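Undergrad: what follows is a predicted protein model with its sequence.
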Amino acid sequence: MTDWSTIKDLPTTRLEQLFADDPERLAKFSLDVAGIHFDLSKTHLTREAVAAFEALARQMDLAGKREAMFGGAHVNVTEDRPVEHTAERGEGKAESLKRAADYHARMRMLIDAIEAEAFGPVRHVLHVGIGGSALGPNLLVDALGRDSERYDVAIVSNVDGVALEDVFDRFDPSATLLVVASKTFTTTETMMNADSAIGWMQENGVEDPYGRVIALTASPEQAIEWGVDETRVLPFSEGVGGRYSLWSSIGFPAAIKLGWDQFAELLEGAAEMDRHFRLSALHENAPALAAFADLYYTQVRGCETRAPFAYDERLRLLPSYLQQLEMESNGKGVTVDGQPVGRPTAPITWGGVGTDAQHAVFQLLHQGTHLVPVEFLAVIEAGDTLAEEHHRQLLLNAFAQGAALMKGRANPDDPARAYPGDRPSSTILLDVLDARTLGALIAFYEHRVFVNGVLLGINSFDQFGVELGKEMAKAAAKGGGDFDPSTADLIRRAGLE
Ligand SMILES: O=P(O)(O)OC[C@H]1O[C@](O)(CO)[C@@H](O)[C@@H]1O
């Protein structure tokens, strides 16, 4: 009988000692999947710990729940619906696969039509959306679209008009397509930005601005009601969660920026990771092992945060993408049965870009009082054409930081200059950064979140926590709301009464 107490009682051996004790450690805790090398050997995972987590996974029926997800069961219990993002890349229930393929075909036809100038010459694509309707597409376009001379794509999420005006300043309204991305097609920020973009087109002489709008949504009727012609609505399934939606029509800005073949590669890379996750034993399963390490640190070592650092400029948006994926999915307080979960759930995901972060936050990682599991992401093939020394420096810095965190350095004479060491990190090393490997990488994170959720007994697929704040903001916007003295004063001071 294994449970959390067995895991909590595992010995806490220093990392360097773990390497000394087992010459096979590196081989045991690193694996290669879909062009990505995962090295978890500098975490405190041991064979014993993995076995204990495997036993917990059996108790929590991870295998059954994984098949239920792929099989289209209503694993999102609180919203009573299936979880269908894997169907977007070809892994799932037949009916979901067919629907996803039909929707992709529709999206591809529209892209073909745009390329054939059915909308006249288009140079600019203005995508408005927020949360999952922006973070994923933004990551894809920023990571993969740098060298593409196809359309100039801007993704605007913030309701702060400064964000939209920046784009208005550089886009030609008559050569712009407006893409409104919202699963619900009711999100305040997105609809306000969409209305303002329509106004900008109108004021600048575009005769039929609604004729230049494409809607990406799981609520086609709302989009049509707002004014988008049915032929330009690209639907996706209700079972595709917002933060899991970049594979669906929400990925439109990436598909148009990169071209359809690249988008198809992205889906293929994700499907390869899906197959790995579905078919590999847990002790050699990258998402499962990474989740075991996550849980070891939150449950056993009391870590409250985790920090991915992208040692590649092209992946600079990955930490903020992961913040939504991980914290909106697993930042929960109750189990699937509605009981208090009784233990820490998702750690706070933060992070940044190497090498910049080394000169800002790494002080705390090396000497601070918080233990933070770090994740280094790097790519072997350089993304730049400058002297090789740039990329060499970048990679060596990533690897040296991991080594230094683990090794530390004693200094009995000068404690301020001592490094405790034994600080964990994992390294994710891509051979190249392309649509295929990025697809596999994102799918890896999705499944890691899933394993974390199942072992914690929570539903990773709802997000009711965001509703209360939205409701109160709406009430305030209507001049209502029963606010505390502090909030009422802030509203008054800002002249918003
Ligand atoms: O796509 P929508 O419906 O506009 O929602 C945007 C985002 O808002 C949220 O619902 C949170 O407020 C996210 O889950 C979602 O990705």
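TA: Yep, that arrived.
Undergrad: for Pro340, phi and psi?
TA: phi -60, psi 140 (degrees, to the nearest 10).
Undergrad: just give the number of residues close to it.
TA: Pro340 is flanked by 8 other residues according to other CB atoms under 10 Å. Yep, even glycine has a C-beta here, placed from its N, CA and C like the rest.
Undergrad: apart from its chain neighbours, what residue comes closest to it?
TA: Val334 (6.0 Å; CB to CB, 6 or more residues apart in numbering).
Undergrad: so what's that neighbour up against?
TA: Counting by CB atoms under 8 Å, 6 or more residues apart in numbering, Val334 touches 340-341, 458.
Undergrad: at 10 Å instead, please
TA: With contact set as CB atoms under 10 Å, 6 or more residues apart in numbering, Val334 has these partners: 78, 340-342, 345, 457-459, 464.
Undergrad: who wins for neighbours among those residues?
TA: Busiest of these [other CB under 10 Å] is Asn459, holding 24 neighbours.
Undergrad: ok, the residue in the stretch 351-497 of the chain that the ligand sits nearest to - how many residues close by?
TA: At 3.8 Å from the ligand, Val466 is the closest residue in the stretch 351-497 of the chain, using CB to the nearest ligand atom. Applying other CB under 10 Å, we find 10 other residues in the vicinity of Val466.
Undergrad: repeat for the one 10 residues further on
TA: When neighbours are counted by other CB under 10 Å, Ala476 registers 16.
Undergrad: surely it and Thr487 touch.
TA: Yes - with contact defined as CB atoms under 10 Å, Ala476 reaches Thr487; the gap is 8.4 Å.
Undergrad: and Leu126, bridged to which residues?
TA: Beta-bridge pairing of Leu126, defined through DSSP bridges, involves Ala154, Leu178.
Undergrad: typo on my end, His37
TA: Asp32, Leu429.
Undergrad: double-check it against Leu26; I have them as touching.
TA: No - using CB under 10 Å, His37 is not in contact with Leu26, being 11.3 Å away.
Undergrad: please say which of those two ends up with more neighbours.
TA: His37 (16 against 13).
Undergrad: how confident was the prediction at that one?
TA: The score at His37 is 98. That number is its pLDDT.
Undergrad: same question for Met1.
TA: So Met1 comes in at 48 (pLDDT).
Undergrad: would you mind listing what in the chain touches the ligand?
TA: Selection of the chain residues close to the ligand by CB under 6 Å from any ligand atom yields 130-133, 182-184, 187, 190, 242-243, 328, 463, 466.
Undergrad: what would those residues look like in a markdown table with pLDDT and secondary structure?
TA: Shown next, in a markdown table, are these (pLDDT from 0 to 100; DSSP: H, G, I helix; E, B strand; the rest coil):
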| residue | pLDDT | secondary structure |
| --- | --- | --- |
| Ile130 | 98 | coil |
| Gly131 | 98 | helix |
| Gly132 | 98 | helix |
| Ser133 | 98 | helix |
| Ser182 | 98 | coil |
| Lys183 | 97 | coil |
| Thr184 | 97 | coil |
| Thr187 | 97 | coil |
| Thr190 | 98 | helix |
| Gly242 | 98 | helix |
| Arg243 | 98 | helix |
| Glu328 | 98 | helix |
| Gln463 | 97 | coil |
| Val466 | 95 | helix |
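Undergrad: buried ones among those residues?
TA: Buried members of the residues of the chain next to the ligand, scored by 16 or more other CB atoms under 10 Å, are 130-133, 182-183, 187, 190, 242-243, 328, 463.
Undergrad: would you reformat these as TSV and include distance to Leu430?
TA: What follows is those, written out as TSV (distance: CB to CB, whole Å):
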residue	distance to Leu430
Ile130	28
Gly131	26
Gly132	23
Ser133	26
Ser182	31
Lys183	29
Thr187	33
Thr190	32
Gly242	26
Arg243	22
Glu328	25
Gln463	29
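Undergrad: which residues touch whatever residue of the stretch 251-400 of the chain ends up closest to the ligand?
TA: Across the stretch 251-400 of the chain, no residue is closer to the ligand than Glu328, which sits at 5.8 Å (CB to the nearest ligand atom). Glu328 is in contact with 131-132, 241-243, 346, 449, 460-463, 465-466, counting by CB under 10 Å, 6+ apart.
Undergrad: how about Arg343?
TA: Taking CB under 10 Å, 6+ apart, one finds 4, 295, 298-299, 456-457 in contact with Arg343.
Undergrad: for Ala87, same thing?
TA: 70, 72, 93-101, 237, 239-240, 247-248, 274.
Undergrad: show only the entries of these found in strands.
TA: Per DSSP state E, strands hold no members of the contacts of Ala87.
Undergrad: buried ones among the residues you listed?
TA: By 16+ other CB under 10 Å, the contacts of Ala87 give 70, 72, 93, 96-97, 99-100, 237, 239-240, 247-248, 274 as buried.
Undergrad: fine by me, we can end here.
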